[in-house]
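In: no sequence on this one, just coordinates:
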């Protein structure tokens, strides 16, 4: 049964013992063993709790082979309730997350007090029906944007809204705060591929479940003007098409090395 297979796979992947899961569900450890062997099925209340613990839908648990096919599109509901800073007139401000503040942001992005301590500013001509945040980038992986550039991003509520080839700031459990060109393969394997505009940096993948926030790049603020003659000028549509083909080839290569 898919439920038994999925439960065992999710539990072992998360590093949870049968005893720990049993304690969370309020059942005996032997019952978890029976679930995973297919000798018994959890009641609806226990099934709902399992769905919550592993952040999967009940439908996915029952009808989708997670181990073989990967996760379905994740986070169809909002990633989380966004914490924002407003002024006395209830006007929303843009909070700035500097390079030094990025590590603390991973722990404080949901804390209103922490958000109020970040520098705040406003910009004209931005759509008023969206929430924005500014992130200071480090390193040279996204040339011609230099270290210290502020990326202004609009909040994305669902991972499925990520459009392949566009640039985003991702707040992640594994990589911290990163600014990359993103390719959406959630439907295929539950992962995103992150690509640098600087060809010296190799693309890498990240699990959708490890993403806590997504901000689509809308503008940038920099004291350095990009040089149009620089070999690292922004990618063109032709460059983007080649990048997608190269990326697909890399995916096939990665899959082949795992088999």
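Out: Arrived safely. On a predicted model such as this, the values are computed, not experimentally measured, just so you know. Numbers count the residues shown, from 1 in each chain.
In: got the domain boundaries for this structure?
Out: Here the domain parsing of the chain from automatic domain parsing is 2-68, 94-258.
In: what's the average pLDDT for the last one?
Out: When pLDDT is averaged over domain 94-258, the result is 83.
In: could the domains of the chain go into JSON lines alongside mean neighbour count and distance to residue 84?
Out: The C-beta positions use only the backbone N, C-alpha and C, and glycine is treated the same way. Conversion of the domains of the chain to JSON lines gives the following (neighbours: other C-beta atoms under 10 Å; distance: least, C-beta to C-beta, whole Å):
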{"stretch": "domain 2-68", "mean neighbour count": "16", "distance to residue 84": "24"}
{"stretch": "domain 94-258", "mean neighbour count": "16", "distance to residue 84": "6"}
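In: residue 140 contacts residue 149, correct?
Out: No: taking contacts as C-beta atoms under 8 Å, residue 140 lies outside contact range of residue 149: 10.7 Å.
In: any idea which of the domains of the chain gets closest to residue 88?
Out: Across the domains of the chain, residue 88 has its closest neighbour in domain 94-258 (12.3 Å, C-beta to C-beta).
In: mind listing the helices for the stretch 51-200 of the chain?
Out: Under the criterion DSSP state H, counting those that start in this stretch, the stretch 51-200 of the chain contains helices at 58-63, 66-69, 102-108, 112-117, 186-189.
In: just so I know, which of those helices lies nearest residue 136?
Out: It is, among those and with distance given as C-beta to C-beta, helix 102-108, at 7.7 Å.
In: for the closest one, name the packing helices and strands.
Out: helix 112-117, strand 176-185 (3 or more C-beta pairs under 8 Å, 6 or more residues apart in numbering; DSSP states H and E).
In: residues in contact with that helix?
Out: 97, 114, 115, 135, 136, 138, 171, 173, 176, 177, 212 (C-beta atoms under 8 Å, 6 or more residues apart in numbering).
In: again, only this time at 6 Å
Out: 97, 114, 177 (C-beta atoms under 6 Å, 6 or more residues apart in numbering).
In: relative to the whole chain's centre, how far out is it?
Out: Remark: helix 102-108 is offset 15 Å from the chain centroid, using C-alpha atoms, centre = their mean, to the nearest Å.
In: cool, and stretch 48-58?
Out: Centre-to-centre, stretch 48-58 and its host chain are 19 Å apart (C-alpha atoms, centre = their mean).
In: what is the mean pLDDT for that stretch?
Out: 81.
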